[in-house]
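Enquirer: got a predicted model here, sequence first, then my questions.
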Amino acid sequence: MKKVSYYPGCSLEGTAKDYSESIHAVCERLGIDLEELADWNCCGATAAHSIDQRASVALPGRNLTIAERLGYDMVVPCPLCFNRLKTAEKEKFPLEGKIRIWDLANFMSQEDILDLIKARVTRPLTEIKAVCYYGCMSSRPPRITDADNCENPMSMDRILERLGAEVIPWSYKTDCCGASHVIARPDVVYQLVRKLYEKAIAAGANCIVVSCQMCQANLDMYQDRIGRELKTDYYLPVLYFTELIGLALGHGDANTWFSRHFVDPTRLLAEAGVAV
């Protein structure tokens with residue numbers, strides 16, 4: 001049993017509930033014990049560092065001190081939360097350096113965990129042709145994230161390969177989806193997202209795999225609307241990598257996670273021979 005502390009962040013309790021449930025289900029199957037931080041608070045996200053630099057460090061820093069008291073490395077599923085927590089760490093918040101802060105996808109792509117995943121696959125995803133989309137925040141800037149290859153992250157690629165999927169190389173892994181600008185400037189975000197759709201299709205992908213709930217929301221929620229505006233019928237399910245791990249491991253709740261998506265992946269899964 002591998003034990004880590006766990007910082008879920010705000011959106012996994014609401015709009016990204018499917019991500020949260022798949023994380024817990026997969027970790028349980030793999031013998032990873034997630035101890036959620038007691039009394040954790042919001043990391044501040046974009047609001048704090050846009051308004052108050054001190055608060056932008058103190059908010060995530062408080063969570064770091066809670067994690068350090070536990071003494072376990074901390075796993076963070078939200079790339080923006082991860083980025084803010086790493087920023088607080090780099091700002092020399094008063095810590096003793098006892099723990100490591102992990103982006104969830106990087107944590108899951110360690111060799112020992114990859115071996116566990118591969119050994120437990122009961123439903124190989126051999127007909128899934130995926131491009132992995134990492135977005136901006138989990139790897140950049142490298143002086144904050146400590147990413148080895150900030151322009152070509154490989155964590156999800158390695159995970160999907162162990163699931164038997166065909167992972168398609170492409171040059172848009174870390175392009176921006178527009179994030180929360182979709183509220184103020186949907187026109188800009190739609191163009192950014194449209195490019196991702198077009199490049200994924202051109203690469204031969206039948207789905208986009210993500211580790212960020214904001215990226216998932218922008219690519220999933222607006223796909224039908226963007227298609228109508230451009231008079232194009234897109235069909236690219238946008239799936240969390242943890243959902244695909246759960247699917248490949250034969251978890252019975254996979255349908256529940258997928259049912260919350262705006263782009264229904266049922267057709268894709270049926271065509272790929274992995275419908276549940």
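Expert: Done, it's in. Numbering: from 1, shown residues only.

Enquirer: so who does Val76 touch?
Expert: 7, 9, 82, 85, 101-104 (C-beta atoms under 8 Å, 6 or more residues apart in numbering). Bear in mind the C-beta positions are built from the backbone N, C-alpha and C, glycine included.

Enquirer: go with 6 Å
Expert: With contact taken as C-beta atoms under 6 Å, 6 or more residues apart in numbering, Val76 is in contact with 7, 82.

Enquirer: what pairs with it across the strands?
Expert: Note on Val76: beta-bridge partners Asp103, judged by DSSP bridges.

Enquirer: could I get the pLDDT score of it?
Expert: On pLDDT, Val76 comes in at 98.

Enquirer: ok, now Gln53?
Expert: Taking Gln53 on its own, its pLDDT is 86.

Enquirer: and it, how many neighbours does it have?
Expert: 11 (other C-beta atoms under 10 Å).

Enquirer: for Phe241, which non-adjacent residue is closest in space?
Expert: Once flanking residues are discounted, Phe241 sits nearest to Met156: 4.9 Å by C-beta to C-beta, 6 or more residues apart in numbering.

Enquirer: tell me which element that neighbour falls in.
Expert: helix 155-162 (DSSP states H and E).

Enquirer: list the helices and strands that helix packs on?
Expert: helix 104-108, helix 111-120, strand 129-133, strand 166-167 (3 or more C-beta pairs under 6 Å, 6 or more residues apart in numbering; DSSP states H and E).

Enquirer: for the residue of the chain positioned farthest from its centre, helix, strand, or coil?
Expert: Most distant residue from the mean C-alpha position of the chain: Lys231, 29.5 Å away (C-alpha atoms, centre = their mean). Look at Lys231: counting by DSSP: H, G, I helix; E, B strand; the rest coil, its state is coil.

Enquirer: can you name the residues that contact the residue nearest to the spatial centre of the chain?
Expert: In the chain, the centroid-proximal residue (C-alpha atoms, centre = their mean) is Ser211; its distance is 1.3 Å. Counting by C-beta under 6 Å, 6+ apart, Ser211 makes contact with 105, 241.

Enquirer: how far away is it from Asn152?
Expert: Applying C-beta to C-beta, to the nearest Å, the value for Ser211 to Asn152 is 15 Å.

Enquirer: can you check Thr256 too?
Expert: Between Thr256 and Asn152 the computed distance is 33 Å (C-beta to C-beta).

Enquirer: quick one: buried residues of the lowest-mean-pLDDT helix or strand in the chain?
Expert: Ranked by mean pLDDT, DSSP states H and E, the weakest helix or strand in the chain is helix 45-51, scoring a mean of 79. With burial defined by 16 or more other C-beta atoms under 10 Å, the residues of helix 45-51 counted as buried are 45, 48-49.

Enquirer: same check on stretch 169-179?
Expert: 170, 173-175, 177-179.

Enquirer: which two of the residues you listed have the greatest separation?
Expert: Largest separation among the buried residues of stretch 169-179 by C-beta to C-beta: Trp170 and Ala179, giving 20.1 Å.

Enquirer: export the buried residues of helix 45-51 to a markdown table and tack on distance to Glu89?
Expert: Formatted as a markdown table, the buried residues of helix 45-51 follow (distance: C-beta to C-beta, whole Å):
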| residue | distance to Glu89 |
| --- | --- |
| Ala45 | 17 |
| Ala48 | 16 |
| His49 | 15 |
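
Enquirer: which one of the residues you listed is nearest Glu111?
Expert: Nearest to Glu111 among the buried residues of helix 45-51, with distances taken as C-beta to C-beta, is Ala45, at 32.1 Å.

Enquirer: now the closest one. Nearest residue, chain neighbours left out?
Expert: Nearest one to Ala45, counting by C-beta to C-beta, 6+ apart, is Leu80 at 5.8 Å.
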